[in-house]
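Novice: Fold the stuff below for me.
(one chain, ligands or ions: 2)
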Amino acid sequence: MSTDTSNCIFCRIIHNQAPAKIVYQDPLVTAFNDIHPVAPVHILIVPKKHISSINEIQPEDEQLIGHLFTVAKVIAAQLKIADSGYRCIINTGPDSGQAVFHLHLHLIGGQRVRFPMG
Ligand code: 5GP
Ligand code: ZN
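Specialist: Ligands and ions are numbered 1, 2, ... in the order given. Predicted structure coming up:
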């Protein structure tokens, strides 16, 4: 998988070189609204480090990957969907439909999610 990040749309968003509605930032991650939301809340939580997919996670990334879920919890609480619930998805590779090869956690909620799981 390519490690050239200059053509990576999520790296460009992280470095303010492409527009996005950013909803959360900290030193490790950026989170922004998905450009094609499938529910009232559809946020992508993205590590600032370019990791192409789960397949490229290294042992030293474990804390960072765990942090994605802590951020999901924080954003869900901020948007008041913690109790109504939400779905977290990470697609990996062709069979999943992964379209952007910079690892990202989809946080989807605000309505009963309808789309099939497989
Ligand atoms: P994947 O299928 O790779 O898990 O999901 C990629 C997601 O990124 C899709 O839901 C798609 O709508 C979103 N996306 C693709 N390009 C952009 C973009 O330029 N800006 C934003 N905000 N979302 C994008
Ligand atoms: Zn990237």
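Novice: Summarise which helices and strands the longest strand out of those in the chain is packed against.
Specialist: Assignment by DSSP state E gives strand 41-47 as the longest strand of the chain. Strand 41-47 sits against helix 9-14, strand 22-25, strand 29-33, helix 62-78, strand 105-109, with contacts defined as 3 or more CB pairs under 8 Å, 6 or more residues apart in numbering; DSSP states H and E. Backbone N, C-alpha and C define where each C-beta goes, glycine included.
Novice: neighbouring contacts of it?
Specialist: 10, 13-14, 23-24, 28-34, 61, 64-65, 67-68, 71-72, 75, 79, 81, 86, 102-110 (CB atoms under 8 Å, 6 or more residues apart in numbering).
Novice: are any of the residues you listed buried, and which?
Specialist: 10, 13-14, 23, 29-32, 34, 64-65, 67-68, 71-72, 75, 79, 81, 86, 102-110 (16 or more other CB atoms under 10 Å).
Novice: How about this structure, which of its residues are in the neighbourhood of ligand 1?
Specialist: Counting by CB under 6 Å from any ligand atom, the chain comes close to ligand 1 at 9, 20, 32-36, 44, 91, 97-100.
Novice: and these as CSV, adding pLDDT and distance to P116?
Specialist: Below are these laid out as CSV (pLDDT from 0 to 100; distance: CB to CB, whole Å):
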residue, pLDDT, distance to P116
I9, 98, 26
A20, 98, 28
F32, 98, 26
N33, 98, 23
D34, 98, 18
I35, 98, 22
H36, 97, 18
L44, 98, 21
N91, 98, 14
G97, 96, 12
Q98, 98, 17
A99, 98, 18
V100, 98, 21
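Novice: show me which of the buried ones among the contacts of strand 41-47 neighbour ligand 2.
Specialist: Contacts with ligand 2 within the buried ones among the contacts of strand 41-47, as defined by CB under 5 Å from the ion: F10, H102.
Novice: follow-up on the earlier one: what are the pairing partners of the longest strand of the chain, and which direction each?
Specialist: Here strand 41-47 is paired, per DSSP bridges, with strand 29-33 (antiparallel), strand 105-109 (antiparallel).
Novice: and the last one, average pLDDT?
Specialist: Put plainly, it is strand 105-109. Here strand 105-109 scores 98 as its mean pLDDT.
Novice: That'll do, ta.
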